[in-house]
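S.K.: coords please:
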Amino acid sequence: MKLLFENWRNHLNEGLEERYEKFFNPKGWYFESDQELGEGAFGKVYRAENKKTGQRGAIKILPMGMDLGAAELRAELENYEFLKNNRDSMPKEVAKHFPAVYETGRIVSKIGYVIMELLEPMPTSVDKALFQTSGDIEGRRVKTKRIIADPETLSQIFDIVISDSYFHSHVYDKLGKLTKQESTSATYEIIEETAKEAFRAYMANEPTPTLPTFTSGSGSLFRTYFKSDEEIRLASFILDSMLKMLSRVYENFDKAIAGELNDEIGKEWDRYFLRSFANTTSQQLKGELAKSVIPSQMAKSSQYNVRKTAFPEAASLFNAMDYVHKDEFEPADVHGRNVMVRPGTNELVIVDVGLFDLMKGEE
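M.R.: Got it, this is the predicted structure:
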């Protein structure tokens, strides 16, 4: 069935390039030999040169179909037309993230087009750092290196991890029972602040802590969650700082770990509390490290703001999107395939603005 569909689609597309060329050639635009730059849900993008002016550009063809209806086509063309007329009046730090648009229109009523500046693919390292998610180990490695290298972002990531769901009353109740210390409402705040203080002591280049309690068999417990040494090092720092924090808050903590209070408590610490605590912490950290820096949902945008210092490219892109959407900030379909680089500047450019509400910035 898939083959039949592909053959049918290819049959429909036969001669389309020739039709497009007949439309664009009188305008001076000719497709280059390696003409196709890319293909998305809404259409194809072709590399072209204007023989009259010598200008090179990218021509985006937008045919109506299953993915692109009349309303979506109209919105696409309106947004690119808005950029053509208003990009130069935007603040420079915003304008640089949007393409220069030369022309928009329709080839026929159901096929739109946009001619814009010619851009280059994003460097792989930047693509992985800003957009790749959990399925890409190398992408996570790139992220982690940049996060570890930046104390402010590292600290903020840690704050997110320790304030997540496992810092809950039942944890303190269990902890208090095992250490024979009474938990109070003030304990939660003390633990969180002490944990942050302990972790920030590791911002200098200290050796990776050894955590024998969390090793089993041939490798560390962290190997279950992390594949790179950078992530294991960061997880070790976080867990070690938490253990030191707990030992400061609860006077019998170290004895409980070693099983010195009694055999029953010793077994329970090893089998249940400590390993469960390490598992949960590692899962939370893995989730934070695996997320793409540029969000795909508005609800998640606040979690990505902490990465602005380690990822200045993200900060600048955020500011451009924020300028467009004002108080109703939305990422607007900004992902790796929709961002390219302006030659000679390394400026990241959002090339697909179909889901933006560009007119909002002018209200």
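S.K.: Next, the residue nearest the centre of the chain: phi, psi?
M.R.: Nearest residue to the geometric centre of the chain (Cα atoms, centre = their mean): residue 292, 1.8 Å. The phi and psi values for residue 292, taken as degrees, to the nearest 10, are phi -70, psi 150.
S.K.: mind listing what it touches?
M.R.: 130, 131, 132, 133, 335 (Cβ atoms under 8 Å, 6 or more residues apart in numbering). Every C-beta, even on glycine, is put in place using the N, C-alpha and C of the backbone.
S.K.: Could you list the low-confidence segments of the stretch 251-363 of the chain?
M.R.: 259, 261-271, 296-303, 327-332, 359-363 (pLDDT under 70).
S.K.: Okay, helices next: where are they in it?
M.R.: Along the stretch 251-363 of the chain, the segments classed as helices by DSSP state H, counting those that start in this stretch run 253-258, 263-268, 274-290, 301-304, 312-325.
S.K.: between those, which gets nearest to residue 239?
M.R.: helix 274-290 (5.8 Å; Cβ to Cβ).
S.K.: can you pull the buried residues of the closest one?
M.R.: 274, 277, 278, 280, 281, 282, 284, 285, 286, 288, 289, 290 (16 or more other Cβ atoms under 10 Å).
S.K.: any idea which of the residues you listed is the one closest to residue 102?
M.R.: Looking across these and measuring by Cβ to Cβ, the closest to residue 102 is residue 290, at 39.1 Å.
S.K.: ok, now how distant is the closest one from residue 319?
M.R.: In this view, residue 290 and residue 319 are 24 Å apart by Cβ to Cβ, to the nearest Å.
S.K.: again with residue 24
M.R.: Taking Cβ to Cβ, one finds residue 24 at 35 Å from residue 319.
S.K.: Who has more neighbours out of the two?
M.R.: Higher neighbour count among residue 24 and residue 319: residue 24, with 21 against 15, using other Cβ atoms under 10 Å.
S.K.: what about residue 75, neighbour count?
M.R.: Using other Cβ under 10 Å, residue 75 has 18 other residues around it.
S.K.: With residue 340 as the reference, measure out to it.
M.R.: From residue 75 to residue 340 the distance is 21 Å (Cβ to Cβ).
S.K.: One more: residue 272?
M.R.: Residue 272 is 51 Å from residue 340, by Cβ to Cβ.
S.K.: Would you mind telling me which of those two has more residues around it?
M.R.: Under the neighbour definition other Cβ under 10 Å, residue 272 and residue 340 were set side by side, and residue 340 has more, 23 against 12.
S.K.: can you give me the strands for the chain?
M.R.: For the chain, the strands defined by DSSP state E occupy 29-39, 44-50, 56-63, 101-108, 111-117, 215-216, 219-220, 339-342, 347-350.
S.K.: who wins for proximity to residue 144 among the ones you listed?
M.R.: Nearest to residue 144, of these and by Cβ to Cβ, is strand 219-220 at 16.0 Å.
S.K.: now that closest one: mean pLDDT?
M.R.: For strand 219-220, mean pLDDT is 57.
S.K.: again with stretch 100-120
M.R.: 93.
S.K.: buried sites along that stretch?
M.R.: Residues of stretch 100-120 classed as buried: 100-104, 107, 111-119 (neighbour count, 16+ other Cβ under 10 Å).
S.K.: can you check stretch 62-75 too?
M.R.: For stretch 62-75, by 16+ other Cβ under 10 Å, it's 62, 63, 64, 68, 72, 73, 75.
S.K.: so how far is residue 74 from the second one?
M.R.: For residue 63, the distance to residue 74 equals 14 Å [Cβ to Cβ].
S.K.: Tell me how many other residues surround the spatially closest residue to residue 158 that is not a sequence neighbour.
M.R.: Leaving aside its sequence neighbours, residue 158 sits nearest to residue 199 (Cβ to Cβ, 6 or more residues apart in numbering; 5.1 Å). Applying the criterion other Cβ under 10 Å, we find 23 residues in the vicinity of residue 199.
S.K.: one step back: for the buried residues of stretch 62-75, which two are the farthest from each other?
M.R.: 63 and 75 (15.2 Å).
S.K.: just to revisit the earlier point, least confident of the buried residues of stretch 62-75?
M.R.: By pLDDT, residue 68 ranks lowest within the buried residues of stretch 62-75, coming in at 80.
S.K.: Pretty sure that residue sits against residue 61.
M.R.: No: with contact defined as Cβ atoms under 8 Å, residue 68 does not reach residue 61; the gap is 10.7 Å.
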